[in-house]
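1. next comes the sequence, and after it the predicted model I'd like to discuss.
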Amino acid sequence: MATSPPTVLALKQSFLTTQTRVLSQPLAPTRDWLSNNKNNNTDDNTDDNNNDSEKTAPPLPEKAIDDALFKLNHRLQQHVKRAYAPQATRHVAEQIDRLYWDAAERAVGGGSGGEGWGEDEVEGGWLNVGADLANPQIALTLPLEWEDHTTTTTTTTDPSPETKHYAALATDLHALADRKTQATARVARLRSLRTLLEPFSSSASSNPNPDSNPDVTTSEGGQDEGNGLGSVQENLVTRNGEVEAELQRMRMLLARVGGRVGLLQEQNADQSRDERGEKVGDVEGEERRKVRALLDGL
């Protein structure tokens, strides 16, 4: 079973532990210092007769050196136990880790105060703590290869298992982001089509919101009733259909109306002739009355 990659906190704590281990090593004099001290001791014994007038510092005995080093290393170990305890190392590692995260947050997304993702935030949004990688815009900005800073450019070494695992996950995430973008566009297109077909639905008035899920009932035959294709009005212009029957009734009605209109026209014509005859008779009678009145006046 492959071990999980170490976290940033674990790396910091490991580094601090290594450095404190170096500082807690017991102290010891170097070989050069010991040889110089021993040479001074032999030189002083051989040159006492030649340099009586010169006074040199006496060499340190080995027992005194060992006693001093023992006491110094004892105090050093006591200091290490007090200052470099595991709890203190863990606390310092957590503080360093927190400082790194705070600096990254201020550098990447610290300048934005509004909600949502701007152009600059989307470009480096995957660096933010708690970034929503389900957002295709952020997922597509994720690099496909992880830059391993532990390997130098001069040495050609195989990538680590963590780097290969990251590359595989990043490739899968890019593919899923593309699929989600295509699915979102298809859903938007289908919703627009459903909005256009909504007037043909019998339940359009009862369900004015096209985005909501309508109540669909299924019959025994497995066909949807209500807001499905079965609710769209069927084609009426068919043989022996409703339009043909209605046209037949209209023809009969037109025939009856045409007959009544013809009778009305004949009645109107007779009435107009009678009225014209009465008017002519009235005019002739009036003329006769005028002639009689004229003759009577003479």
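-> Yep, it's here.

2. now stretch 89-97 - C-alpha only, CSV.
-> Coordinates of each C-alpha in stretch 89-97 appear next as CSV, following Å, rounded to 0.1, in the frame of the first residue of the first chain:
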residue,chain,number,x,y,z
THR,A,89,8.8,22.0,17.9
ARG,A,90,5.2,21.1,16.9
HIS,A,91,4.0,24.6,18.0
VAL,A,92,6.7,26.4,15.9
ALA,A,93,6.0,24.2,12.9
GLU,A,94,2.3,25.1,13.1
GLN,A,95,3.1,28.8,13.3
ILE,A,96,5.3,28.6,10.2
ASP,A,97,2.7,26.6,8.4
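
3. list the buried ones in it?
-> For stretch 89-97, burial by neighbour count (16 or more other Cβ atoms under 10 Å) applies to 89, 93, 96, 97. To be clear about C-beta, it is placed using only N, CA and C from the backbone, and glycine gets the same treatment.

4. rounded mean pLDDT for it, please.
-> Here stretch 89-97 scores 88 as its mean pLDDT.

5. also stretch 143-163?
-> 66.

6. in the protein, which spans are helices?
-> With helices called from DSSP state H, the chain shows them at 8-23, 31-46, 62-83, 86-109, 119-123, 136-139, 161-197, 242-297.

7. in the first one, which residues are buried?
-> Read that as helix 8-23. 12, 13, 16, 20.

8. pull the contacting residues for the third one.
-> Under the criterion of Cβ atoms under 8 Å, 6 or more residues apart in numbering, the contact partners of residue 16 comprise 89, 92, 93.

9. measure it to residue 160 for me?
-> Going from residue 16 to residue 160 by Cβ to Cβ, to the nearest Å gives 23 Å.

10. a markdown table for the helices of the chain, including distance to residue 236?
-> Shown next, in a markdown table, are the helices of the chain (distance: least, Cβ to Cβ, whole Å):
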| stretch | distance to residue 236 |
| --- | --- |
| helix 8-23 | 72 |
| helix 31-46 | 112 |
| helix 62-83 | 94 |
| helix 86-109 | 61 |
| helix 119-123 | 53 |
| helix 136-139 | 46 |
| helix 161-197 | 18 |
| helix 242-297 | 5 |
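
11. most tightly packed of those helices?
-> Counting by mean count of other Cβ atoms under 10 Å, helix 136-139 has the highest mean neighbour count of those, with a mean of 19.

12. show me what it is packed up against.
-> Using 3 or more Cβ pairs under 8 Å, 6 or more residues apart in numbering; DSSP states H and E, the elements in contact with helix 136-139 are helix 161-197.

13. could you list every helix and strand in contact with the helix it packs on?
-> Taking 3+ Cβ pairs under 8 Å, 6+ apart as the contact cut, helix 161-197 packs with helix 136-139.

14. with just CA atoms, put the helix it packs on into CSV.
-> The C-alpha trace of helix 136-139 is given here as CSV (Å, rounded to 0.1, in the frame of the first residue of the first chain):
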residue,chain,number,x,y,z
PRO,A,136,-15.1,24.1,-14.3
GLN,A,137,-13.6,27.6,-14.6
ILE,A,138,-11.3,26.9,-11.6
ALA,A,139,-10.6,23.2,-12.5
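
15. average pLDDT for it?
-> The average pLDDT within helix 136-139 is 81.

16. try stretch 264-273
-> Regarding stretch 264-273, the rounded mean pLDDT is 77.

17. nearest to residue 138, of the buried residues of stretch 89-97?
-> Proximity of the buried residues of stretch 89-97 to residue 138 (Cβ to Cβ) peaks at residue 97, which lies at 23.5 Å.

18. gap between that closest one and residue 37?
-> For residue 97, the distance to residue 37 - Cβ to Cβ - is 47 Å.

19. same question for residue 169.
-> Distance of residue 169 to residue 37, computed by Cβ to Cβ: 62 Å.

20. go on, residue 133?
-> Applying Cβ to Cβ to residue 133 and residue 37 gives a distance of 66 Å.

21. got any ranges where the chain has weak pLDDT?
-> Within the chain, the segments meeting pLDDT under 70 span 1-4, 41-57, 107-130, 147-157, 202-234, 274, 276-281, 298.
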